[in-house]
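J.: Got a sequence here, can you build the structure:
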Amino acid sequence: MMGRIRYTFIFLFLTFPYTPGFALQGKVPNDHLHSFSQCVACHPDGVDLANDSIIGKQCMQCHSKKRITLLLNDLKNGKYQNKKSTSNTSLNNKAYYYKNSKYGDSPHEMVAIPAGNFIMGTNDRLSDEGPQHQVFVNAFQIDKYEVTNLQYKKFITETKHRSPSHFRNRTYPERKVDHPVTFVSWHDANTYCKWANKRLPTAQEWEKAARSDDGRNYPWGNDFIISNANTPLRWEKLQQSGDTVPIGLFPNGVSPYGIHDMSGNVWEWTSSWYKPYPGNLIDSENYGERYITLKGGSWFDCSFYKCGISAPVYNRAFFAKKVKNDTFGFRCAKNYP
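T.: Here you go, the predicted model:
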């Protein structure tokens, strides 16, 4: 599986704090699959997990069976146990986990983005993020928030669409009613947006909605602020295992247009192929109409950028349309009437 997130997954598998019996205690949400230290509590031999478990199949979307088995065996042998312990306070936090939705199950309200030029990309970091260039975008609308579990449940109920793999009895994990839906492929996201009489945003539309026309690095400005988004650096500071959080939880992290969670929480599918920007002379075998661009970073994606730095709005990831995991979600857009 291609994409820069692959480096992140491997790093966090190796660095997540190990707590024996953690998964058996029922402390971790049942859709929380990204810690091998949790997996090994139930699968100490490693091979069984890699061969036939549901979790193993999810892992193998991005990792080989050999890699999974090696990591699990290392954990079993205690190679990564000397890490700081994890507090479960966040898993009981009423701000993160509750039963009654604050947003409802109807498709989100939308924010109008005016036509005009904006600065896309950067000259200061990875080659696929540059060169920085001006892009004209027609007026459009975009969802104020990421699509939630409850909204997606309404969609699958009305359309009989297949439910995400972490749903049970076609409903979302308990107390995650307003968390962004995850385990959705590009096809799932695209189908939902069509059902809602919307569409997926282009990468250009997404980035303009996140940064406006002043070339800022983050939705809120040019400096990273740990309290403004659901990023891995925030969870590290809390000394807790990360997870998605309800939409709209960081009002100080909104974009200039008042759009929430455009940095962190979940990566968001766009409608754009992963292609080089105009003037980019560094070729890549990954460019072309093979992978789709995702934007925004997530709660679990920072290691490749040294924690928290994947939060910039010019960051982009690329994956095949069929890939789904617990860091991928989406929001919809629409042509301006």
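J.: need the longest strand for this structure.
T.: As assigned by DSSP state E, the longest strand anywhere in the chain is strand 267-273.
J.: Determine the set of other helices and strands touching it.
T.: helix 186-195, helix 203-211, strand 292-295, strand 328-329 (3 or more C-beta pairs under 8 Å, 6 or more residues apart in numbering; DSSP states H and E). In short, each C-beta sits where N, CA and C put it, glycine included.
J.: could you dump those to CSV with mean neighbour count, distance to Phe140 and mean pLDDT?
T.: Listed next are the helices and strands packed on strand 267-273 as CSV, based on neighbours: other C-beta atoms under 10 Å; distance: least, C-beta to C-beta, whole Å; pLDDT from 0 to 100:
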stretch, mean neighbour count, distance to Phe140, mean pLDDT
helix 186-195, 20, 13, 98
helix 203-211, 25, 5, 98
strand 292-295, 26, 15, 97
strand 328-329, 27, 20, 96
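J.: okay if I get the ones you listed as a markdown table plus distance to Asp261?
T.: Output for the helices and strands packed on strand 267-273, formatted as a markdown table (distance: least, C-beta to C-beta, whole Å):
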| stretch | distance to Asp261 |
| --- | --- |
| helix 186-195 | 15 |
| helix 203-211 | 10 |
| strand 292-295 | 12 |
| strand 328-329 | 9 |
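J.: quick one: terminal-to-terminal distance for stretch 259-269?
T.: Using C-alpha to C-alpha, to the nearest Å, the end-to-end distance of stretch 259-269 comes out at 16 Å.
J.: and His179, what does it touch?
T.: Contact analysis of His179 by C-beta atoms under 8 Å, 6 or more residues apart in numbering lists 148-149, 172, 244-247.
J.: returning to that earlier point: ok, and what's touching the longest strand of the chain?
T.: For strand 267-273, the external contacting residues (C-beta under 8 Å, 6+ apart) are 5, 146, 184, 186, 189-190, 199-206, 262, 288-298, 301, 317, 327-331.
J.: can you tell which of the helices and strands packed on strand 267-273 is closest to Phe136?
T.: helix 203-211 (8.9 Å; C-beta to C-beta).
J.: so the closest one versus strand 267-273, what angle?
T.: Counting by axes from the mean of the first three to the mean of the last three C-alpha atoms, to 10 degrees, helix 203-211 lies at 140 degrees to strand 267-273.
J.: I'd like to know which elements helix 203-211 is packed against.
T.: Judged by 3+ C-beta pairs under 8 Å, 6+ apart, helix 203-211 is in contact with strand 110-113, strand 116-120, strand 133-137, strand 140-143, strand 267-273, strand 292-295.
J.: Does Thr191 touch Lys160 like I think?
T.: No: at 11.5 Å, Thr191 and Lys160 do not qualify as touching, with contact defined as C-beta atoms under 8 Å.
J.: Can you check which residues contact both of the two?
T.: With C-beta under 8 Å, 6+ apart, Thr191 and Lys160 have no common neighbours.
J.: what's the burial count for Ile225?
T.: Using other C-beta atoms under 10 Å, Ile225 is surrounded by 16 other residues.
J.: Can you check the pLDDT for it?
T.: For Ile225, the model assigns a pLDDT of 93.
J.: can you check Asp74 too?
T.: Model confidence at Asp74, given as pLDDT, is 58.
J.: Also His108?
T.: Here, the pLDDT recorded for His108 equals 97.
J.: Please determine how far the closest residue to it other than its chain neighbours is located from Arg170.
T.: Distances taken as C-beta to C-beta, 6 or more residues apart in numbering put Asp143 closest to His108, at 4.2 Å, once the chain neighbours are dropped. Remark: distance between Asp143 and Arg170 (C-beta to C-beta, to the nearest Å) = 23 Å.
J.: Equivalent analysis for Val177, please.
T.: 14 Å.
J.: Looking at the two, which one has more neighbours?
T.: Ranked by neighbour count (other C-beta under 10 Å), Val177 and Arg170 place Val177 first, with 23 against 13.
J.: what's the weakest-modelled helix or strand in the chain?
T.: Between all helices and strands in the chain, the lowest mean by mean pLDDT, DSSP states H and E belongs to helix 5-15, at a mean of 36.
J.: so who does the closest residue to Lys322 other than its chain neighbours touch?
T.: Among residues not flanking Lys322 along the chain, Ser185 sits closest, at 5.2 Å (C-beta to C-beta, 6+ apart). Residues near Ser185 by C-beta under 8 Å, 6+ apart: 321-324, 328.
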